[in-house]
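In: Quick one: sequence and predicted model below, then my questions.
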Amino acid sequence: MTGVQTCALPIFRSLHKRYSRVVVAVTVPAPVGALDEPDDWASRRARRLLYRTITEFAGPGIEGGDYICPVGELEIRELGLQIAFRLRSDVRWSTGDATLTGYDLSQRLLAIADPNEPLYRVQWGELLAGVSVQDVYSVQADLHRPHVRPEALLQTTLVPYSQRTAPEESELTNGPYVVGSQSAGETTFVANTQYFAAGPTQPKEIVERHFDQGAKAVWELRHQRVDVLDRVNPWDLDKVRQMKELVVEPYAMPLVHCLVPNVRKPPLSHRAFRRALVYAIHREAILNRLLGGKERDRKRTRLNASHIPLS
């Protein structure tokens, strides 16, 4: 038996090198449908596989977040009253021969500023004064007033100009992967052969396998039935760290969870009730129960109820 395993290992490595396939255990399955407004973990995860957006958050900076334009270059001009885009000429869609153009970008910038569009964003709509296409790959957006980080408002997907009437229904993507198959418990993402930024180490296939319980996902990872676990519950962290065959790494940026009540609905419309709700949530007790009193985990874990408006 040992001899068979020894012989199979080089073969497995050779096959993986030729066609790399990564199986990821997830506790929230990938969504189906439009991903332009991701408000949950699974949507954000899936969108990055399928799309490259106008701008993307690159990390924290000295003056707030740093943003990049993965499909070209972005420059803030005229004391913050103008955004100039210069697109790459090789950004192709997942099928066909067409490339991303300034007309595609201009229509998207106008769509998210239009109150009649499903993708309308209030802040961008109030900020945008006009859009002009300079040439095939150059676009200029004029603003009513400067904004501290206008790039942060443009994390939206791109679709071809020809599909501007129903962008949320477009099946064309520009990201590193396309959906190969999807079932109730598994989603397969296959490498996009027309991806403009493909690299030699990019996996050919990523499989998201859904597990209802985090403990089951950890068990599958430990027994090498999956390669990666996208998240580890805080109460499972100590147990996972004790497994020498596994490596645990924190994400670069934490997620913030807060309560946002609808103040237009009773009884949340009453200030006294909202104030009582803040005091009634025993955040310390909840953290003690979830984390077992581990101080090192407390430094990265917060349960925030302070976002409940009191006035």
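Out: Received it, and whenever you're ready, just let me know what you need. Numbering: from 1, shown residues only.
In: correct me, but Arg231 touches Arg45?
Out: No: because the distance of 9.7 Å does not satisfy CB atoms under 8 Å, Arg231 is recorded as not touching Arg45. (C-beta placed from N, C-alpha, C; glycine too.)
In: Could you check which of the two has the larger neighbour count?
Out: Taking other CB atoms under 10 Å, Arg231 and Arg45 do not tie; Arg45 has more neighbours (19 against 16).
In: Using the three-state scheme, assign Val131.
Out: When the structure is reduced to helix, strand and coil (DSSP: H, G, I helix; E, B strand; the rest coil), Val131 reads as strand.
In: what sits opposite it in the beta ladder?
Out: With DSSP bridges as the criterion, Val131 is bridged to Ala141.
In: quick one, helices of this structure?
Out: Defined through DSSP state H, the helices belonging to the chain, from first to last, are 2-18, 41-50, 102-111, 122-127, 214-222, 237-241, 271-280, 283-291, 295-298.
In: Poorly predicted segments of the stretch 1-150 of the chain, please.
Out: With pLDDT under 70 as the threshold, the stretch 1-150 of the chain has low-confidence stretches at 1-16, 32-39.
In: what do you get if the cut-off is 90, keeping everything else the same?
Out: Across the stretch 1-150 of the chain, the ranges flagged by pLDDT under 90 are 1-19, 28-45, 59-65, 117-119.
In: Report the set of residues contacting both of Arg231 and Arg45.
Out: When contacts are counted by CB atoms under 8 Å, 6 or more residues apart in numbering, Arg231 and Arg45 are jointly contacted by Val26.
In: Need the winner for burial among the helices of the chain.
Out: Of the helices of the chain, the one with the most neighbours on average (mean count of other CB atoms under 10 Å) is helix 102-111, at a mean of 21.
In: Glu249 is nearest to which of the helices of the chain?
Out: Using CB to CB as the criterion, the shortest distance between Glu249 and the helices of the chain is 11.1 Å, found for helix 237-241.
In: Quick one: closest of the helices of the chain to Arg92.
Out: Ranking the helices of the chain by their distance to Arg92 (criterion: CB to CB) puts helix 102-111 first, at 11.8 Å.
In: Show me what that closest one is in contact with.
Out: Outside of helix 102-111, the residues within contact range by CB under 8 Å, 6+ apart are 54, 85, 87, 117, 119-120, 128, 131-139, 141, 154, 156-161, 164, 167.
In: surely Glu204 meets Ser20?
Out: One thing to correct before we go on: residue 204 is Lys, not Glu. Yes: between Lys204 and Ser20 there is a contact at 5.4 Å, judged by CB under 8 Å.
In: how close does the nearest residue to Trp124 once chain neighbours are set aside get to Leu127?
Out: Across the structure, with CB to CB, 6 or more residues apart in numbering as the measure, the residue nearest Trp124 apart from its sequence neighbours is Leu153 (4.5 Å). Going from Leu153 to Leu127 by CB to CB, to the nearest Å gives 7 Å.
In: Quick check: neighbours shared by those two?
Out: Both Leu153 and Leu127 are in contact with His147, where contact means CB under 8 Å, 6+ apart.
In: which residues of the stretch 151-300 of the chain fall in strands?
Out: Along the stretch 151-300 of the chain, counting by DSSP state E, counting those that start in this stretch, strands occupy 177-182, 186-191, 205-210, 228-229.
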